[in-house]
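K.L.:
sequence and predicted structure are below.
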Amino acid sequence: MNVARLAAVDAAQAARVLSKVREATLAGQRAPIEPRPVIEQSWGRMLRSGVDPDHDFRSGLLSCDEVRRRREESPLRHVLPVLREGLLSVADVAQHIMVVADAEGRVLWREGSRPVLRKADGLGFQLGADWREDVVGTNGVGTPAVVRRPVQVFAGEHFVRSQTSWTCTGAPITDPRDGKLIGVVDVSGPLETMHPATLAWVDSVAKLAEARLRELHLASLERLRAVAAPVLARLGGRALVVDRNGWVAAVSGMPYVRRVGLPKSLSPGRRWLPSLGTCAVEPLAGGWLLRAEDEPLATAATRIVLDLARPGRCALTVETSAGSWSRELSPRHAELLFLLTEHPSGRGAAGLAEDLFDDPSRTVTVRAEMSRIRRYLGELLQHRPYRFREDAEVEVLLPDDPRDLLSRSTAPAVARRRTAPEGDRPPHP
């Protein structure tokens with residue numbers, strides 16, 4: 001049954017069907033139809049984390065000052081005009097509201113139909129409210145933040161009963177500079193206002209917002225490039241100028257690279273970076289001047305932490321005696337790095353292709369992705385076969401429940417790892 005199509009014709013009937021699906025599924029009984037996979041997986045996460053489906057929980061609202069501070073610091077403030085232009089005119093007429101939340105699920109902006117805003121207050125959908133999935137259940141803000149794709153949650157697809165008279169459609173917004181989630185834009189309203197085209201509409205506007213952030217980033221690199229040109233002209237040897245996120249504005253004496261992995265808190269001085277080795281770091285307006293040195297830093301013992309503990313938010317941290325840096329990983333890079341931890345002695349391109357796609361011939365895709373990973377891991381990731389450097393300490397942080405391991409992954413090797421008996425799982429530090 002296409003519930004979205006049914007809802008467009010008869011919202012009340014669709015809500016009744018979904019209510020029966022919800023009640024049966026949460027009671028462990030056979031439902032009249034299966035929940036959509038994205039909803040079923042979310043419900044599974046809620047049941048495992050102990051969210052009560054019959055009693056909503058509301059954490060404290062942020063203070064007005066804290067909301068104001070987060071607004072001023074959030075990159076989302078730069079794309080509010082895009083979101084308003086793309087969503088508000090239609091949302092108001094269609095009795096919807098637009099909600100913009102940060103990466104932590106906190107509502108920072110709310111605009112749209114006044115009657116619907118008043119109804120949202122009754123649900124706790126207020127400025128400063130916490131709408132993370134593991135706090136308030138399956139919803140159009142928290143669930144897209146976890147699965148990192150647009151999600152429409154209609155009526156009984158909400159996990160918590162008090163929200164089942166509502167329809168929410170949300171899409172994540174990521175920062176083009178580092179791929180990190182910076183927030184979610186959501187269009188919500190009473191269930192009778194649901195339309196199946198809303199999902200594509202909200203997703204399109206979210207992509208326009210990301211495109212605007214990309215334009216702003218390129219403009220900032222152009223400004224930094226103008227600053228860098230006279231500086232690099234006076235230098236000999238290998239040098240490059242990067243912004244605060246490691247994106248390269250200009251290079252001298254070396255091949256161009258797009259980005260360099262930087263420590264979380266970079267400071268001037270002599271530092272070791274994975275892709276460059278030892279560098280002299282000097283501040284510039286809006287970025288850093290990195291002058292590569294030929295001598296390696298002898299004390300650069302390395303620890304690599306692959307954090308897969310949080311569903312939908314995988315990260316890599318590299319720690320050395322000279323500093324540390326972190327990077328949020330794309331789902332594909334998280335899969336590949338996890339598979340390498342399962343094969344400490346190394347894994348060839350054909351083996352990784354079989355692990356990912358059950359097709360050892362898809363080596364071109366694997367090699368392309370591994371090349372991208374090596375751009376930020378540098379010599380820490382060796383090849384022929386692919387493996388972490390032998391003297392690096394590698395730690396993997398796994399979710400408490402194996403079923404939450406790389407929850408978006410369809411790779412056969414990851415699926416087998418999720419369901420493997422505990423005694424058959426390779427040990428991880």
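P.N.:
In hand now; what should we look at?
K.L.:
for the stretch 251-400 of the chain, which segments are assigned as strands?
P.N.:
With DSSP state E, counting those that start in this stretch as the criterion, the stretch 251-400 of the chain has strands at 269-273, 277-284, 287-292, 302-307, 315-320, 323-328, 381-382, 387-388, 393-397.
K.L.:
cool, the stretch 1-150 of the chain as well?
P.N.:
Secondary structure of the stretch 1-150 of the chain (DSSP E, counting those that start in this stretch): strands at 97-102, 107-112.
K.L.:
for the first one, name the packing helices and strands.
P.N.:
Contacting strand 97-102 under the criterion 3 or more C-beta pairs under 8 Å, 6 or more residues apart in numbering; DSSP states H and E are the following elements: helix 80-83, strand 107-112, helix 114-122, strand 181-190. From N, CA and C alone the C-beta is placed, and that goes for glycine too.
K.L.:
quick one, helices of the stretch 201-350 of the chain?
P.N.:
Using DSSP state H, counting those that start in this stretch, the helices of the stretch 201-350 of the chain run over residues 331-342, 349-357.
K.L.:
mean neighbour count added to these, as TSV?
P.N.:
What follows is those, written out as TSV (neighbours: other C-beta atoms under 10 Å):
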stretch	mean neighbour count
helix 331-342	21
helix 349-357	20
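K.L.:
redo the ones you listed as CSV? Include distance to residue 33 and mean pLDDT.
P.N.:
Formatted as CSV, the helices of the stretch 201-350 of the chain follow (distance: least, C-beta to C-beta, whole Å; pLDDT from 0 to 100):
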stretch, distance to residue 33, mean pLDDT
helix 331-342, 28, 92
helix 349-357, 30, 93
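K.L.:
buried residues in stretch 211-230, which are they?
P.N.:
Neighbour counts over stretch 211-230 (16 or more other C-beta atoms under 10 Å) mark 212-213, 217, 220-221, 224, 227-228 as buried.
K.L.:
for it, give me every contacting residue.
P.N.:
By C-beta atoms under 8 Å, 6 or more residues apart in numbering, the surrounding residues in contact with stretch 211-230 are 75, 78-79, 82, 173, 175-177, 241, 243, 247, 249-250, 284-287, 289.
K.L.:
what subset of the residues you listed is buried?
P.N.:
75, 79, 82, 173, 175-177, 241, 243, 247, 249-250, 284, 286-287, 289.
K.L.:
for residue 317, give me the pLDDT.
P.N.:
For residue 317, the pLDDT comes out at 87.
K.L.:
on the pLDDT front, check residue 134 for me.
P.N.:
Predicted confidence (pLDDT) at residue 134: the value is 90.
K.L.:
grab the nearest non-local neighbour of it.
P.N.:
residue 49 (5.1 Å; C-beta to C-beta, 6 or more residues apart in numbering).
K.L.:
span of stretch 267-282 from start to end?
P.N.:
End-to-end span of stretch 267-282 (C-alpha to C-alpha, to the nearest Å): 8 Å.
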